[in-house]
Structures are given as C-alpha cells and as structure tokens.
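> Here's a sequence, model it:
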Amino acid sequence: MEDWIKIYSYDSLYQAELTKGILDQNDIKNVILNAKDSLFLIGEYELYVLKGQEKRAQAVVDEYKGLTKVDSFIMRSPVERLKDILDDNGIASVVKTNKNPRYVLDNYELYVNNEDVEKVVPFLTGEKLEGWKKVCSCFRTRQARFRIELLNEVYIPGIVIKKRNADFMKQEIDIYVKDEDLEKAADTLEALNGWIKIGTFDNIKQAEIQESQLGKAGIRGIIKEENEKFLLFVEGDKEEKALTIITESQKWMLLTSFTTQLEADYAVALLENAGIEAVCINNTDLTLKVDTDVYVEEFKLDAAAQILKNISVYENE
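You can find the predicted model right below:
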C-alpha cells in the first residue's frame, strides 16, 4: 500500500461507502480497507486514495460535509418529487448525481442537512407523505425501476423511497403514487398488459437469478408473487429470446454471501473479468438482516471460490 494515502477512518462500512461513492463519481481512485478484527468486530474502515490525489479528494468530500443521504434511485424524477415535498415542508434538500463508472445508469441521491435527518424520517416512512399512498414494495432496484417505467407509460407519477434499518442498510424499496392514482396504478402493475409469463418458481432466488440473466441480455423481467409461487414476466415481443436464455441456462450454485452490496459487486466484477458469469441476489431473513448472495454456474464453483479466496480489499478500478 506504499502508493496509497489514508485520508479517513470510519466506524461503519456505510459511512465509508458514502465517501467512496463521492470519490467514485469524481473519478478519484480509492480503496476501503477493513481494519476490523473479524472475531471481536473492533477497529475501523479505512479509506485510501492514490498519492497525489489526497488534496483533491479532501476538497471533493468537503462539498458533502454536513449532509446525509436520505434516498437514492436510478431515475431522477422520483427523487426530485420527494425533494419537492421536503422543500415544501421547509426541509432544504439537494439532488446530486453519482456517475459511478461501474454502472451504465447514473444514481440520483437526495441529501439533507445532518440536523434535519430526524425531520425527514416521517416522510421516508410515508407517515407525512400527505396525498400519496404506497402501491407496492420491491427488494431490488431494477424491479422498482421497471414498475416506475410501467407507471410512466400510463402517466402516473411515482416516488421511490428506499427503506433502511438502523445502520442505514437497504431493506426494501417502496413505490408511492398520488391518492387519486392509486387504483389505476395498482391495476396497471397487476394486469401487466403486453407482458407474458415465461416461468414459475418455487422461491424468489430462482426467479431473481433468471431475471438477472435476462437483464444482462437487455430484457426487462418483472417478478410477481402469487399463491406462494414467483412468476416471471417479460414483454411480449421478448418472449422467444427470454425462453431461449432460460432454457440454455446452467444450474446455479451459491458461492458466498456478503453483508454489503459494495463487496458483492466487487466480487462479481472480479469473477466476470476472469470469464466466470455471476449474479447477485439480495437475501432478507426474518430478522430483517440483509445480505447479498453471489451465485455462479455449478461447474465453475471451484474456480470462482479460488478467485475470491484472498480478497481483502475492495477498490474502484
């Protein structure tokens, strides 16, 4: 690590990830080192940047001092609508664009002053979202995005709020619509006009693995739960291609689990750079603890495990 300079230390990975995201969107190469003792969970998360970039990094981070991120989404309009509501209620907020080079889509992040975070909480829970009602919840950002796109097609504006636990880790994503649009929105998401069911699965992970595969091929897939089964739908004109992808897919096996999406995304990037296809699936248990599972094709399980064996640093490449 002789070419790296430590600029910050944090008690929680979430805090470190927030700063990392700021540096990522400004093309500043950075690394998070986990200095916590794995047995006693003592120590810190340390953030490093390359020598020569520390002054620029600190200047960029200073722009965000005093702010807390309260919501984010990969489409701007749902975030802007929540911003307008907060502004109308006297809570100053700002939307910043996170252009992470790892992802095709930008992420739009809503920040408020630190001292206003408690005032924002009733809006994030829906308690103070007057005139808006929750129409559905999702556990994956892409599933929320597809539903927002469906609502946009019938001219129904929506708000997306990512619910988080005490450690600010994502638990679920709620979609809200205006009171007068609730019935039409619910009918739209239930009917899925123009969409074809291409698979029925016994558990959500099976459906999510196939949906992830379709997503890599540019095919939108919507998962619905019905009678304790999970149904996968695609747009009608994509049916043949989607069925081919599902038919040709191999048996997928759980490789490992991570406590943060950052770690999981990094692991998947390493595997895919080595020619091993991998997918991330969020896993929420009865205690509402959220982990991210990484799956690979069964015949590549041993090779994938070897690649991840010595991972201890997560960096933006």
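> And the helices in the stretch 201-317 of the chain, which stretches?
Taking DSSP state H, counting those that start in this stretch as the criterion, the stretch 201-317 of the chain carries its helices at 204-216, 239-248, 261-273, 301-308.
> Deepest-packed of these, please.
helix 204-216 (a mean of 20; mean count of other CB atoms under 10 Å). C-betas here are computed from N, CA, C, even on glycine.
> quick one on the thing from earlier: any chance of the helices of the stretch 201-317 of the chain in JSON lines, plus distance to residue 68 and mean pLDDT?
As requested, those are exported to JSON lines (distance: least, CB to CB, whole Å; pLDDT from 0 to 100):
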{"stretch": "helix 204-216", "distance to residue 68": "30", "mean pLDDT": "87"}
{"stretch": "helix 239-248", "distance to residue 68": "40", "mean pLDDT": "87"}
{"stretch": "helix 261-273", "distance to residue 68": "18", "mean pLDDT": "77"}
{"stretch": "helix 301-308", "distance to residue 68": "32", "mean pLDDT": "84"}
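> closest one to residue 228 among these?
Within the helices of the stretch 201-317 of the chain, the stretch nearest residue 228 is helix 204-216; the backing value is 10.8 Å (CB to CB).
> Excluding chain neighbours, what is closest to the spatially most central residue of the chain?
Closest to where the C-alpha atoms of the chain average out (CA atoms, centre = their mean) is residue 141, at 5.2 Å. Using CB to CB, 6 or more residues apart in numbering and skipping the chain neighbours, the partner closest in space to residue 141 is residue 74 (6.2 Å).
> residue contacts, the one you found?
105-108, 141, 145 (CB atoms under 8 Å, 6 or more residues apart in numbering).
> what do you get if the cut-off is 7 Å, keeping everything else the same?
Residues near residue 74 by CB atoms under 7 Å, 6 or more residues apart in numbering: 105-107, 141, 145.
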